[in-house]
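Trainee: model this:
(one chain, ligands or ions: 1)
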Amino acid sequence: MTEEISRYDVLIVGGGVVGTALLYTLSKYTDIKRIGLIEKYSDFGLVNSASYNNSQTLHFGDIETNYSIDKAKSVKRMADMVMKYLENGKNNPTGKKIFSKYSKMVLAVGANQVKELKQRYPAFSELFPKLRMIERDEIGKIEPRVLEGRDPGQEILALVTEDGYTVDYKRLCHSFVDNALMKNPELDIHLDTKLLKISKNEDQYSVVTSKGEFRSSVVIIAAGGHSLMIAKSLGYGKNLAVLSMAGSFYTAPKVLNGKVYTIQVPKLPFAAIHGDPEVHSEQITRFGPTAKPIFQLERHNMSTFFEYWKTFGLGLSPILSLLKIISDRVLFSYIFFNFLYDLPYIGKRLFIKEIRKIVPSLKVSELKYAKGIGGTRPQIVNNTTRKLEMGEAKLNGDKIIFNITPSPGASTCLGNAYSDTQEVIKFLDNKFKFNKEAFEKDLM
Ligand SMILES: Cc1cc2nc3c(=O)[nH]c(=O)nc-3n(C[C@H](O)[C@H](O)[C@H](O)COP(=O)(O)OP(=O)(O)OC[C@H]3O[C@@H](n4cnc5c(N)ncnc54)[C@H](O)[C@@H]3O)c2cc1C
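Mentor: Here you go, the predicted structure:
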């Protein structure tokens, strides 16, 4: 007896927040019915979208000082979509808490940083009208521990806003899937189903998985760092490699009321170290993330070691790129210290120096390494420019898209789904309709 092959108009690979946001958008705002999603694990959002693996922040670009104004404009547009989705109670009929709202600020410490923040403020306050510049006294009222024990002669300044969203992105995945299923109960979702091989046969993709073969006219790969590996297997993204930047966290009993970010060194494509309340327990303040390269596509999963090297590429070119990138003094010393932060005993004592820029009186005994917490960001290395690229990357191929998603990939999930949906409609020769007006009305 021959096994029946499932056929779709669109097949999504990966059930993290990017794949499920697309599932939701296609189901709610298009008339495409034959949609499939495969996820290799037994649940959605267990890799980088899990709340314990990322910083749980909805990044808008207002307090992320490594974002230029253009980057902030683009991230804000997409983060606004997630904010609108979250704030609409109808999207969360189960009532399970998906997000918490706190104040958030970026803190400048010392004359140079204060000057930098002051220069940044005019343009950013236009884009973010609720962003206020505040001085010592008000900082102390909002976050008393930021002042406690601080040298009174030290200059500080902050930009603050009430719109600080802390999000459980795994729960957001579930909400997307539940709402997608309500719109289209025929969705074909396969958990515990791993893509093993993909090839293009005439006008269809054949996707061989651990649970058999699927065929689809269009495929969207939303498999985090694995997306580049899959792209390379089809001949795309040959000039790219991935630097897998693991992030660890430390926790302390509640010392902050909201999010407090530090100023990031402009060259670094990672969010600066910050402290903020856990999404489900404001009694715990989490500090981090650190950033150190690992040779795995998934943190805490050694089986992704060989997959990492497949993605990195074995030629001279990625090695030359890597050498060029780490020969930069700023990046080298940053990575060197970040390696040390993960070490027992010494790591905590070194990392606390960074944290004390936020909470000067924090004691070593208050700080605890968060074991097993923190995922890894697939940071793109461009072998043509030999540079480390900022943010997410997307490769568009022949009726296929590959989404590679370092931070702020969770914040931009609906924006990404919006643009992928437009491409999907084109890939399907405009036989289907995307109700953009409804999407924009609901989420933009
Ligand atoms: C330390 C850290 C802090 C971060 N902080 C933030 C933050 O505060 N805000 C923010 O917006 N972003 C943050 N990010 C980034 C964010 O977590 C990711 O961009 C986002 O979760 C990416 O979602 P995704 O769906 O693309 O990937 P994932 O959540 O990793 O999902 C990919 C899915 O694909 C599946 N998959 C992979 N290979 C296969 C296969 N062969 N077959 C089937 N399925 C497969 C995986 O099992 C997984 O479920 C952070 C990341 C890290 C590591």
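Trainee: Please name the nearest non-neighbouring residue to the residue in the stretch 1-150 of the chain that the ligand sits nearest to.
Mentor: Per Cβ to the nearest ligand atom, residue 16 is where the stretch 1-150 of the chain lies closest to the ligand, at 2.2 Å. Heads up, the C-betas are built off the backbone N, CA and C, glycines and all. Nearest-residue entry for residue 16: residue 49, 4.1 Å, with adjacent residues in sequence omitted and distances by Cβ to Cβ, 6 or more residues apart in numbering.
Trainee: same question, residue 438
Mentor: Nearest non-adjacent residue to residue 438 (Cβ to Cβ, 6+ apart): residue 29, at 5.7 Å.
Trainee: roughly how far out does the helix or strand containing residue 80 sit from the chain middle?
Mentor: Secondary-structure assignment from DSSP states H and E places residue 80 in helix 69-87. The chain centroid and the centroid of helix 69-87 are separated by 13 Å under Cα atoms, centre = their mean, to the nearest Å.
Trainee: How about residues contacting that helix?
Mentor: Counting contacts by Cβ atoms under 8 Å, 6 or more residues apart in numbering, the residues outside helix 69-87 that touch it are 58-62, 64, 67, 91-92, 98-99, 123-124, 127-128, 163, 165, 167, 172, 390-391, 408, 411-416, 418, 442-444.
Trainee: Mind checking which of those residues are in helices?
Mentor: The helices in this structure, assigned by DSSP state H, contain 123-124, 127, 172, 413-416, 418, 442-443 from the contacts of helix 69-87.
Trainee: overlap between those residues and the residues near the ligand?
Mentor: With Cβ under 6 Å from any ligand atom as the criterion, no member of the ones in helices among the contacts of helix 69-87 is in contact with the ligand.
Trainee: Show me which pair in the residues you listed is furthest apart.
Mentor: Across the ones in helices among the contacts of helix 69-87, the longest distance by Cβ to Cβ is 30.2 Å; it joins 123 and 172.
Trainee: In terms of neighbours, single out the busier of these two.
Mentor: Neighbour totals were compared for residue 123 and residue 172, and residue 172 leads with 29 against 12 (other Cβ atoms under 10 Å).
Trainee: got any ranges where this structure has weak pLDDT?
Mentor: Within the chain, the ranges that satisfy pLDDT under 70 run 1-3.
Trainee: any idea where the helices of it begin and end?
Mentor: Chain-ordered helices for the chain, with DSSP H as the definition, fall at 17-29, 69-87, 111-127, 136-142, 144-147, 169-183, 226-233, 305-312, 316-326, 329-341, 346-355, 413-427, 436-443.
Trainee: Other residues contacting the shortest one?
Mentor: So the one you mean is helix 144-147. Contacts of helix 144-147 from elsewhere in the structure, counted by Cβ under 8 Å, 6+ apart, are 107, 136, 139-140, 156, 255-256, 260, 358-362.
Trainee: Try it again at 7 Å.
Mentor: Counting by Cβ atoms under 7 Å, 6 or more residues apart in numbering, the neighbours of helix 144-147 from elsewhere in the structure are 107, 136, 139-140, 255-256, 260, 358-359, 361.
Trainee: Get me the contact residues on the stretch 201-350 of the chain for the ligand.
Mentor: Taking Cβ under 6 Å from any ligand atom as the test, the list of the stretch 201-350 of the chain residues beside the ligand reads 222-224, 226, 247, 289.
Trainee: Give me the number of neighbouring residues for the residue nearest to residue 438.
Mentor: Other residues near residue 29 number 22, with proximity taken as other Cβ under 10 Å.
Trainee: do residue 267 as well
Mentor: Per other Cβ under 10 Å, the neighbour tally for residue 267 reads 12.
Trainee: Surely it and residue 330 touch.
Mentor: Yes - contact status for residue 267 versus residue 330: in contact at 5.2 Å, counting by Cβ atoms under 7 Å.
Trainee: Tell me how many other residues surround the closest residue to residue 240 other than its chain neighbours.
Mentor: In space, residue 240 comes closest to residue 380 once its chain neighbours are excluded; the distance is 5.7 Å by Cβ to Cβ, 6+ apart. Other residues near residue 380 number 22, with proximity taken as other Cβ under 10 Å.
Trainee: Contact partners for residue 380?
Mentor: The neighbours of residue 380, taking Cβ under 7 Å, 6+ apart as the test, are 240, 242, 389, 393, 404.
Trainee: What of residue 161?
Mentor: Residue 161 makes contact with 62, 104, 128, 130-131 under the criterion Cβ under 7 Å, 6+ apart.
Trainee: which of those count as buried?
Mentor: Neighbour counting by 16 or more other Cβ atoms under 10 Å classes 62, 104, 128, 131 among the contacts of residue 161 as buried.
Trainee: among the residues you listed, which two are most distant?
Mentor: Within these, 104 and 128 form the most distant pair, 11.1 Å apart (Cβ to Cβ).
Trainee: What residues does the stretch 1-150 of the chain have near the ligand?
Mentor: Taking Cβ under 6 Å from any ligand atom as the contact definition, the stretch 1-150 of the chain meets the ligand at 13-19, 38-41, 45-49, 53-57, 59.
Trainee: mind running it again at 5 Å?
Mentor: Within the stretch 1-150 of the chain, the residues that sit near the ligand (Cβ under 5 Å from any ligand atom) are 14-18, 39-41, 47-49, 54-55, 57.
Trainee: ok, those vs residue 316, which is closest?
Mentor: The shortest gap between residue 316 and any of those belongs to residue 48, at 29.8 Å (Cβ to Cβ).
Trainee: quick one: contacts for that closest one?
Mentor: 16, 54, 224, 375.
Trainee: Excluding covalently adjacent residues, which one is nearest to it?
Mentor: Spatial nearest neighbour of residue 48, excluding adjacent residues (Cβ to Cβ, 6+ apart): residue 375 at 4.1 Å.
Trainee: I'd like to know how far that neighbour sits from residue 53.
Mentor: The span separating residue 375 from residue 53 equals 3 Å under the rule Cβ to Cβ, to the nearest Å.
Trainee: Identify the contacts common to these two.
Mentor: Between them, residue 375 and residue 53 share the neighbouring residues 47, 299, with contact defined by Cβ under 7 Å, 6+ apart.
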